[in-house]
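Asker: Sequence and predicted model, in that order:
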Amino acid sequence: MKADEAYIRESILNSTAKVVKDYNPIMPPYQGQLKDDEVTALVEYVKSLGSAGN
């Protein structure tokens with residue numbers, strides 16, 4: 001599954017918003033704990049992982 005920027009951001013800030021069936025939601029939500037630029041940096045990092053194997 002490919003994830004867009006909005007999905008990655010939502011998953012970081014509200015990790016239980018969309019949980020795949022049969023997976024335990026073990027990641028804590030980071031809403032209110034990270035600054036916007038920190039979330040943006042994390043999103044960019046996650047996106048870079050997808051292109052690492054190409």
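Answerer: Noted; the coordinates are in hand.
Asker: and E10, what does it touch?
Answerer: 17-18 (C-beta atoms under 8 Å, 6 or more residues apart in numbering). Bear in mind the C-beta positions are built from the backbone N, C-alpha and C, glycine included.
Asker: Please repeat the previous calculation with a cut-off of 6 Å.
Answerer: With contact taken as C-beta atoms under 6 Å, 6 or more residues apart in numbering, E10 is in contact with A17.
Asker: Model confidence score at it, please.
Answerer: pLDDT recorded at E10 is 95.
Asker: And the helices in this structure, which stretches?
Answerer: Using DSSP state H, the helices assigned to the chain run over residues 5-13, 36-51.
Asker: Against which helices or strands is the last one packed?
Answerer: Same thing as helix 36-51. helix 5-13 (3 or more C-beta pairs under 6 Å, 6 or more residues apart in numbering; DSSP states H and E).
Asker: closest one to D22 among the helices of the chain?
Answerer: The closest of the helices of the chain to D22 is helix 5-13. By C-beta to C-beta, the value is 17.0 Å.
Asker: how many degrees apart are that closest one and helix 36-51 in direction?
Answerer: Interaxial angle of helix 5-13 relative to helix 36-51 (axes from the mean of the first three to the mean of the last three C-alpha atoms, to 10 degrees): 120 degrees.
Asker: Tell me how far helix 5-13 lies from the chain's centre.
Answerer: In terms of C-alpha atoms, centre = their mean, to the nearest Å, the centre of helix 5-13 is set 4 Å apart from its chain centre.
Asker: Ok, stretch 37-51 next?
Answerer: Chain-centre distance of stretch 37-51: 8 Å, with C-alpha atoms, centre = their mean.
Asker: buried stuff in it?
Answerer: 39, 42-43 (16 or more other C-beta atoms under 10 Å).
Asker: Tabulate the CA atom coordinates of that stretch in PDB.
Answerer: C-alpha atoms of stretch 37-51 as PDB (Å, rounded to 0.1, in the frame of the first residue of the first chain):
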ATOM      1  CA  ASP A  37       8.100  21.300  11.500                       C
ATOM      2  CA  GLU A  38       9.000  18.100  13.400                       C
ATOM      3  CA  VAL A  39       6.000  16.300  12.000                       C
ATOM      4  CA  THR A  40       6.900  17.500   8.500                       C
ATOM      5  CA  ALA A  41      10.500  16.200   9.000                       C
ATOM      6  CA  LEU A  42       9.100  12.800  10.100                       C
ATOM      7  CA  VAL A  43       6.800  12.700   7.100                       C
ATOM      8  CA  GLU A  44       9.700  13.400   4.700                       C
ATOM      9  CA  TYR A  45      11.800  10.700   6.400                       C
ATOM     10  CA  VAL A  46       9.100   8.100   6.100                       C
ATOM     11  CA  LYS A  47       8.600   9.000   2.400                       C
ATOM     12  CA  SER A  48      12.300   8.700   1.800                       C
ATOM     13  CA  LEU A  49      12.200   5.100   3.100                       C
ATOM     14  CA  GLY A  50       9.900   4.100   0.300                       C
ATOM     15  CA  SER A  51      12.300   5.200  -2.300                       C
END
